[in-house]
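Trainee: Structure for the following, please:
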Amino acid sequence: MVLLTKIDEEEFEFDKILVSGYTINEQPNLIAKKQFTNGNRKKITTEYTDVVIEIDIGCFDGDTLATYLSKLTDGEYKYYSLNDKIEKNANFIITLPSQTVENSNNDIIVKDFTVLLEKSSDVIW
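Mentor: Presented below is the predicted three-dimensional model:
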């Protein structure tokens, strides 16, 4: 089972950087929420599911990290849906935070940071 793959000319798997930690949050898209006087609440959702994937980037050498970050671009990805227990395709928008880099004994060390993938649309196949 592959957890995250970039779909383009050549498929690229992100399993190596996922070992540092990741979360997949899948929630129905909320249209409205109503609070009744008796304390009950009603949520109105669409069939569209919002998906946010957070990848915690740990300690990797500069070359490995550069390879993976160059592939993390907006576009179509295949991910494993924890809710439905199947692989799904979706378009994602990527947010890369600014990186703090240190130089130690001629090796570049990148401090921990989180990459955010937010689903922008479903892909129909």
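
Trainee: give me the low-pLDDT residue ranges for this structure?
Mentor: 1, 99-111, 125 (pLDDT under 70).

Trainee: can you rerun that using 90?
Mentor: Low-confidence segments of the chain (pLDDT under 90): 1-3, 8-10, 15-21, 27-50, 56-71, 82-84, 96-115, 120-125.

Trainee: now the helices for it?
Mentor: Ranges of helices in the chain, per DSSP state H, are 15-18, 62-71.

Trainee: which other residues reach the longest strand seen in the chain?
Mentor: Ranked by residue count under DSSP state E, the longest strand found in the chain is strand 41-57. Applying C-beta atoms under 8 Å, 6 or more residues apart in numbering, the contact partners of strand 41-57 are 4, 14, 17-18, 20-36, 65, 79, 81, 83, 90, 92, 110, 112-119, 122. Placement of C-beta: from N, CA and C, glycine included.

Trainee: Would you mind writing the ChimeraX command to select the buried ones in those residues?
Mentor: A single ChimeraX command selects the buried members of the contacts of strand 41-57 (16 or more other C-beta atoms under 10 Å):
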select :4,14,17,18,22,24,26,65,79,90,92,110,115,117,118,119
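
Trainee: hmm, back to that, from the helices of the chain, which stretch is densest packed?
Mentor: helix 15-18 (a mean of 16; mean count of other C-beta atoms under 10 Å).

Trainee: That one - contacts with which helices or strands?
Mentor: strand 41-57, helix 62-71 (3 or more C-beta pairs under 8 Å, 6 or more residues apart in numbering; DSSP states H and E).
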